[in-house]
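Engineer: quick one: sequence and predicted model below, then my questions.
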2 protein chains.
Amino acid sequence: MKMASITIGEYLLKRLKELNIETIFGVPGDYNLPLLDLIEEDKDITWGNNTNELNAAYAADGYARIRGAGALVTTFGVGELSAINGVAGSFSEMLPVIHVVGTPITSSQLHKTLLHHSLGNGDFKVFAKMSSMITVASACLTHEKALEQIDHVIRTSFVRKQPGYIAIPLDLMKKQVELSEPFMDALQLAPPTSPPEIMQIALEKILELVKNATYPAIVVDGCILRHHLQKEANAFVIKSGFLTFAAPMGKGAIDESLPNFRGCYSGNVSLESIKREIEQADLLIELGSIKSDFNTGNFSYGLEKAKTIALHSFGTTVYYAEYPGVSMMDLLPLLTSRLPEKSCQLSFGPRGIVLPIDDSMQEITHNYLWNKVSEYIEPNSIVLGETGTAEFGLFNMKSTPNTTYISQ
Amino acid sequence: MKMASITIGEYLLKRLKELNIETIFGVPGDYNLPLLDLIEEDKDITWGNNTNELNAAYAADGYARIRGAGALVTTFGVGELSAINGVAGSFSEMLPVIHVVGTPITSSQLHKTLLHHSLGNGDFKVFAKMSSMITVASACLTHEKALEQIDHVIRTSFVRKQPGYIAIPLDLMKKQVELSEPFMDALQLAPPTSPPEIMQIALEKILELVKNATYPAIVVDGCILRHHLQKEANAFVIKSGFLTFAAPMGKGAIDESLPNFRGCYSGNVSLESIKREIEQADLLIELGSIKSDFNTGNFSYGLEKAKTIALHSFGTTVYYAEYPGVSMMDLLPLLTSRLPEKSCQLSFGPRGIVLPIDDSMQEITHNYLWNKVSEYIEPNSIVLGETGTAEFGLFNMKSTPNTTYISQ
């Protein structure tokens, strides 16, 4: 039986579509045109057609936040370097964005020809080296290994939620290759399974600490959104009944109408009442935390490691003990199911809120502005808070149902 | 006697001014503000105040083309990465641009704090590593070595005509340091001297070949402009009387009204008559050549190495022999002085020119357009030819006196 064949470019598009990608962003250039032909011919893909590469990178970043993964196509050197800042942003923000770069034909690279867009020193790998520093996996495709390389980059990027880089030479885009067994099936995109014995030990330890705590609290952060664990996190918050706070980057993950949701915590930048509440806790459970300065009120995060359980994407810590490989994707549902119903019955005072709007005021104050803005936001919106003032305004804004809040 | 003192930031500005820099381009950011204070206070420096970092990098590139050196200031991470594409361009185009980046305070970097603009993995050196791949010298300043580091980057960049990178932490910008002897004097900016014995041997060899040639020709290229050797190159062209051609990137270096200037040569993209003339030559002398695809008519440059003498910035080749370290800065004036007056009396036919404008035509043809455009260019202009169509139009455009032509 003759084996099925496919072009390397079509194979790449097939894998991107498996990530739920329907729009590929980017800018045309001399070194990516045959790939753009394939994108144009593919009826399931729309070409984003951006006006510059930095825009394309940020568009792919935004697409990945909402849809789970994003992709962009640029051209060798002068194209890809304009996108690199946006891709580095996706790296630090934990977003799987696949950066595909069209490069000179394989033989020109081997012979170190002095092509346009190159640095003029015969080094065709320098841009790939730069990108490898801000991606979790990268590959310069070869004829022999292309399908394997594509799968490695896409799988790693998707599982680790960080960008991947694929350089594809002009001559390989429409090159036919045989489509053998492993490449015909859908790509395996599940994260690695947590080691069961270690997870069991961590789970029992956590249940014991929860049982003995008198004032446990939960902080929900950005990685819950990255791994699409909103449902699992809300189930945990509801069943536990623990006081629950959102870190700025986690805002929107938890239903803010739940009675035990108390507001946004960001160290000294928080409302005084929220700060007081959380800092009384004798046990803290962090879900998917990202501890940058802007996400923690410039490190004034007054939470002690000695009373913190942290569930991360690929590891768990209980106080000072580390349980490597124990993922919140596995542990969180298990923890919820083992938790006694309403294990904790704290009496909540009224929720800490910002001052109400004083309509008799003649000035537009920050309190007025950010309170008022929330009235205009309709359900299912996406709200972007620019880093700095707008982000701080967003923290305590009344949340609209099914709305995504983005600040970084 | 008490030693004079200076802040590290002021010292950096003092050195940049020694490069004839009066405008520093860039964009403000959290990590460079104290340095911008110093720029504002310095009455001899104007702040370029660009709207984004990529613009700043290209502005500094243009400034370096005209003034000899350029500088820009950006902020750590998200700022500098937006400039990196422009700096890479200056690297391949051989322009000394100093990229100064304001970074987090030294202690935060040592403690791997999770600051904004960082990748979130505690690696504060990753952006410097990326920049080191597209600069000829780079340094992350330390309190102890700052002045030495600044001098090294600025000197190397200026001498090699490629960009340099200086990362200066927030806490060092206004830090006072002692100004000891070597740092008080003006920076030594002369290129390294050519080894005299090797240069002598190369010179005699070249004179012998010139004497025996029946049809020698000169090709003047971009590095003549980079090293500001227009005067020396014109003297050589005048005294030798050899047929002289400009490579596209060398256009404007030679006075096109000289009788032995024959036009622009770029392989198969040249006018047929020019191509015929140069390919008859039995000896070619290349001055400061840059052999990229766009500069050589996609490598259709029909000139054989076996009859080519190439004078480069930091080396000379005579046919297949290399004379490393023999610089055209030293060799070219020497060669001119040793050359017999009008050593070669070739009879030139009429110069190859483009077709004259046919005013009766109803269409605007390329021939019409590029011929016509040159009529509008006033002396002392700067003409930029966008890579591609406009660049090809520029090749054969009638040159205006004292005008700089830029294509890349």
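Structural biologist: Received, thanks.
Engineer: going by C-alpha atoms from here, please, whenever you check contacts or count neighbours.
Structural biologist: Will do.
Engineer: what's the burial count for residue A:391?
Structural biologist: 20 (other Cα atoms under 10 Å in any protein chain shown).
Engineer: tell me how many other residues surround residue A:222.
Structural biologist: For residue A:222, using other Cα under 10 Å, the count is 27.
Engineer: before we move on, what about the one 4 residues further on?
Structural biologist: Using other Cα under 10 Å, residue A:226 is surrounded by 24 other residues.
Engineer: where does chain A dip in pLDDT?
Structural biologist: Regions of chain A meeting the criterion pLDDT under 70 cover residues A:1-2, A:112-118, A:120, A:291-303, A:342-348, A:352-354.
Engineer: in terms of secondary structure, what does the helix of greatest length in it contact?
Structural biologist: Looking across chain A with DSSP state H, the single longest helix is helix A:196-212. Judged by 3 or more Cα pairs under 8 Å, 6 or more residues apart in numbering or on different chains; DSSP states H and E, the packing partners of helix A:196-212 are strand A:315-318, strand A:321-324, helix A:328-338.
Engineer: helices of the stretch 301-408 of chain A, residue ranges please.
Structural biologist: Under the criterion DSSP state H, counting those that start in this stretch, helices of the stretch 301-408 of chain A are mapped to A:328-338, A:366-375, A:389-395.
Engineer: can you pull the alpha-carbon coordinates of the shortest one into CSV?
Structural biologist: Extracted in CSV, the C-alpha atoms of helix A:389-395 (Å, rounded to 0.1, in the frame of the first residue of the first chain):
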residue,chain,number,x,y,z
THR,A,389,-2.9,53.2,36.7
ALA,A,390,-5.6,51.3,34.7
GLU,A,391,-4.4,48.0,36.1
PHE,A,392,-4.7,49.3,39.6
GLY,A,393,-8.2,50.6,38.8
LEU,A,394,-9.2,47.2,37.5
PHE,A,395,-8.3,45.4,40.8
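Engineer: break chain A down into its structural domains.
Structural biologist: A:3-180, A:196-345 (the TED database).
Engineer: make a markdown table from these and add distance to residue B:217 to it.
Structural biologist: Shown next, in a markdown table, are these (distance: least, Cα to Cα, whole Å):
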| stretch | distance to residue B:217 |
| --- | --- |
| domain A:3-180 | 24 |
| domain A:196-345 | 63 |
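Engineer: and residue A:6, how far from chain B?
Structural biologist: According to Cα to the nearest Cα, to the nearest Å, residue A:6 stands 32 Å off from chain B.
Engineer: related to what we said a few turns ago, out of the domains of chain A, which gets nearest to residue B:304?
Structural biologist: For these, the distance to residue B:304 is smallest for domain A:3-180, at 16.5 Å, taking Cα to Cα.
Engineer: a markdown table for the helices of the stretch 301-408 of chain A, including distance to chain B?
Structural biologist: Shown next, in a markdown table, are the helices of the stretch 301-408 of chain A (distance: least, Cα to the nearest Cα, whole Å):
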| stretch | distance to chain B |
| --- | --- |
| helix A:328-338 | 20 |
| helix A:366-375 | 22 |
| helix A:389-395 | 13 |
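Engineer: picking that back up, most tightly packed of the helices and strands packed on helix A:196-212?
Structural biologist: Comparing the helices and strands packed on helix A:196-212 by mean neighbour count (mean count of other Cα atoms under 10 Å in any protein chain shown), strand A:315-318 ranks first with a mean of 20.
Engineer: what comes up buried for stretch A:29-39?
Structural biologist: A:29-36, A:38-39 (16 or more other Cα atoms under 10 Å in any protein chain shown).
Engineer: so which of these belong to helices?
Structural biologist: Taking DSSP H, the ones among the buried residues of stretch A:29-39 that sit in helices are A:33-36, A:38-39.
Engineer: which of the residues you listed sits closest to residue B:327?
Structural biologist: Distance to residue B:327, by Cα to Cα, is smallest for residue A:33 among these, at 41.2 Å.
Engineer: the closest one and chain B: what is the separation?
Structural biologist: From residue A:33 to chain B the distance is 16 Å (Cα to the nearest Cα).
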